[in-house]
Every structure is written in C-alpha cells, then in structure tokens.
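Peer 1: Predicted model and sequence below, questions to follow.
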Amino acid sequence: MLVDNHLDFSLQLPMTSSAEIQQWLLGQIAAKMDSELASRAAEHFGISRQAIGRHLQKLLHKGVILGHGHTKARRYELAVLKKHLQVYPLNPEFQEDVVWSQDLRPLLTTLPENILTICQYGVTEMLNNAKDHSGAPKVTVKLEQTIAELSFIVQDEGVGIFRKIKEAYGLDDERHAILELVKGRLTTDPEHHTGEGIFFTSRVFDLFIILSGSLSLVHRREGADWLIDDAKPLSGTVVAMKIQPTSTHTIKEVFDRYSTEQDDYAFRRTHLLVALAQTEGASLISRSQAKRVMARCDRFREVNLDFRGVESIGPAFADEIFRVWRRAHPNITLAPSGMNEDVEKMIRRALATDTPESPSTGSDKIA
C-alpha cells in the first residue's frame, strides 16, 4: 500500500530569518515540545506572539504541520507527507533490493543522494537479516516521512535477535547478546554474513532502535549504546531507523571512521559502551565480567572502551583488561574514554603493574 500526498515542498528552507524561526518551530514540534509553543517562541526570538502565529499559519498552509485545539491549548504535530506500509512474504523469491527500488525509492525523489544511500543500506541490511536469521514467514516494512524526519520500521515475528544470538553463542543472558552485538562483526551465519550490517546501520542513522523480547537497544548517532528494559515483552524483532532529511554526513565517513589503513581500510575499529556489561544491581568487579567485555575484541586493531555511565570498577576487572588481556594482545590498541576519576585511577593502577622488569608491549591511550 503506497500513499503519497504529492506535496511539492522543499525539505530545506532557505536560510533567512523567517526560515530560522520556522525551523525552530519545526524542531520543537518534532521533539513533542509544542505546549504553549507560540509563547515560548515569542520569548525565544524576542518578537510578538502574533508574529509567531503568522509563521505557524504559514507552516499549516504548506501542509507540513497539523494543529489541534485553540488559543493556549493549541497543539501541533508534524504532518506525514509520504508513507508506505506493506507485508512481504519471506519466501525464496524475496529480494530486499527489489523492495527498496520498486516500493520505497520512488517515494523519496526529493531527498539528497547521501540520505538515499544511507537509507538504502540500512533498509536492505535489516531486510536481509530478517530473511536469513529470523525464521519468520513474513516481514512488515513501514516508511513515514515528515518535513523533519524520515523513519523506517522493519518488523518480523521470528525467534528474536537477542535470543538468537544468546542461543548461538551459548550466552547466559540476552543482555550479554546486546553486549556482543554492539561490538560489531557478530553473525550467527559467518558463511554468508560479515556481521557488519547492524553495527554500521546503527551509526549511519540519527536514531537506531532494536526491540526484541523484553529488551531494546538504542543508539543515537555520535552517541552511545544504551540498554533499556521494556515492560511488555515483544515477540520477534522490530528495527526502527530515523534520519533527518537535512543530515549532511555520508555513509563513507562512517565506514572510514571504523577502518584502518594497515588493514586496507577494513572494519578494524570498534566502540564499546562498557556500561552494557552491568546487569541490574551488579558493579563491574570480577574477572569474568572483564572477560565478557573483551570477548571477540581480538578481531579488531583498535578498541575504544567507553566508560560513560560506569561509576566504579574493581581492581580485578581493571587488571584483567588492562594488564592480562593487553599483554596477551600486544598489537591491539585499547583506548579507554569517558572515565570518571575513580575509574581512571583504577585503570592507571592496572597499567602501573607492568613493571620495567616485565613490560607489556601493548598500546593504550587514556582520554
């Protein structure tokens, strides 16, 4: 089912003072911060509520926002300009590139090439994952475009991605599956997949979410991976991908960020949020936890261990990573970052145990 409102409206407003006001209004509406919008905008720009009202009327007239209610109770939402919703059977004839080229791409003719390339990559990767890994009989694809955001949802009712990884790798908890997933280069079918699709898709979109079972993995571009427990368990897997039509980054920039020259620009860098190894009520203290964090990290040349959200670590945890593991992998660079004072002290303590009599040849950077 295809729906196209056929609105001939540029997604990039000209950079004038009027356009800046309208972009601010659109940003507030997109963020669901539309309560008393006219009053807040008037204060923000130092102009009258009536002037702001005229800008809102222009956006309403263009059809890019919808208004509900009156006076101070007036609320706004972004209008859906284009959308697509269709269920596809995951049979041997299913081809993810055909879904993109025949059903989705024709709706997105006004988008710049960098956005189209990102969307094609992410959508086809997630559809291929559903076909090859989910075990589901069908997949649902949803597209919605507003003036401020383009979103895709790929949903199946298969085994569930976190459960699939947990069982394939013999892990104790689906949370550990998330920890492995965010490292990258993880696949349950190495003969046919590199394990790079989810890693890079999560980093090229402005917002990337995986929902499966009772867990969700959320990644914001240039941000970190976060684990969230959901109240209602979900069968199968839902992947949501969102990007602003005006985003200027390219997929090549993201690929280059995680590649290394000495490996012919192959995927050899990873960024790991260490907080994902923390289960509820448990601190990062033991060597077993450290080994879980570093599992499969020997596949990379550089490992950025991001300690944001970690209040403290134990001496055994730090020693296992920054002395034992580092000694065993002298050609791999460990780059800890995001540390508070307590965590940094514990890491430096572990590094200091490499005495002059038996120095490690490993490389490390503390940022």
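Peer 2: All right, it came through fine.
Peer 1: Tell me where the stretch 151-300 of the chain has strands.
Peer 2: 207-220, 225-243, 259-260, 266-267, 269-273 (DSSP state E, counting those that start in this stretch).
Peer 1: weakest of those strands by average pLDDT?
Peer 2: Per-segment confidence across the strands of the stretch 151-300 of the chain bottoms out at strand 266-267, which has a mean of 58 in mean pLDDT.
Peer 1: picking that back up, how about the strands of the stretch 151-300 of the chain in CSV, adding distance to E113?
Peer 2: (Glycine included, C-beta is placed from N, CA and C.) Converted to CSV, those look like this (distance: least, C-beta to C-beta, whole Å):
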stretch, distance to E113
strand 207-220, 21
strand 225-243, 14
strand 259-260, 21
strand 266-267, 23
strand 269-273, 26
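Peer 1: between these, which gets nearest to P92?
Peer 2: strand 225-243 (20.4 Å; C-beta to C-beta).
Peer 1: Give the partner strands of that closest one in its sheet and their orientations.
Peer 2: Looking at strand 225-243 with DSSP bridges, its partner strands are strand 150-156 (antiparallel), strand 207-220 (antiparallel).
Peer 1: so of these, which one's packed in deepest?
Peer 2: Ranked by mean neighbour count under mean count of other C-beta atoms under 10 Å, these are led by strand 150-156, which reaches a mean of 22.
Peer 1: so which of the strands paired with strand 225-243 gets nearest Q23?
Peer 2: Evaluated over the strands paired with strand 225-243, closeness to Q23 peaks at strand 150-156, with 16.4 Å, by C-beta to C-beta.
Peer 1: Can you list the neighbours in contact with the closest one?
Peer 2: For strand 150-156, the surrounding residues in contact (C-beta atoms under 8 Å, 6 or more residues apart in numbering) are 90, 108, 111, 115, 119, 122-123, 126-127, 130, 134, 136, 138-145, 236-245.
Peer 1: try stretch 96-104
Peer 2: Surrounding stretch 96-104, the residues in contact under the criterion C-beta under 8 Å, 6+ apart are 2, 84, 86, 88, 119-120, 123-124, 127-128, 131, 141, 143.
Peer 1: What is the burial count for the closest residue to R40 other than its chain neighbours?
Peer 2: Take R40 and drop its neighbours on the chain: the residue closest to it by C-beta to C-beta, 6 or more residues apart in numbering is Q28, 7.5 Å away. Neighbourhood size, Q28 [other C-beta atoms under 10 Å]: 17.
Peer 1: what about Q28, which helix or strand?
Peer 2: Counting by DSSP states H and E, the secondary-structure element that holds Q28 is helix 17-30.
Peer 1: got a list of what the residue nearest to R40 touches?
Peer 2: Counting by C-beta under 8 Å, 6+ apart, Q28 touches D34, L37, R40, A41.
Peer 1: out of these, which are inside helices?
Peer 2: Secondary structure assignment (DSSP state H) places L37, R40, A41 from the contacts of Q28 within helices.
Peer 1: Among the residues you listed, which one is most surrounded by other residues?
Peer 2: Ranked by neighbour count under the definition other C-beta under 10 Å, the ones in helices among the contacts of Q28 are headed by L37 with 22 neighbours.
Peer 1: What are the neighbouring residues in contact with that one?
Peer 2: With C-beta under 8 Å, 6+ apart as the criterion, the residues that contact L37 are L25, Q28, I29, I52, L56, R74, Y76.
Peer 1: how about the fifth one, secondary structure?
Peer 2: I take that to be L56. On the three-state scheme (DSSP: H, G, I helix; E, B strand; the rest coil), L56 is labelled helix.
Peer 1: Quickly note the distance from it to F307.
Peer 2: With distances taken as C-beta to C-beta, to the nearest Å, L56 is found 44 Å from F307.
Peer 1: before we move on, what about the third one?
Peer 2: According to C-beta to C-beta, I29 and F307 sit 36 Å apart.
Peer 1: and those two? which has more neighbours close in?
Peer 2: Legend: neighbour count by other C-beta under 10 Å for I29 and F307, higher for I29 (25 against 21).
Peer 1: Run through the residues that contact that one.
Peer 2: So, once contact is read as C-beta under 8 Å, 6+ apart, I29 ends up touching L37, I65, Y76, E77, L78, A148.
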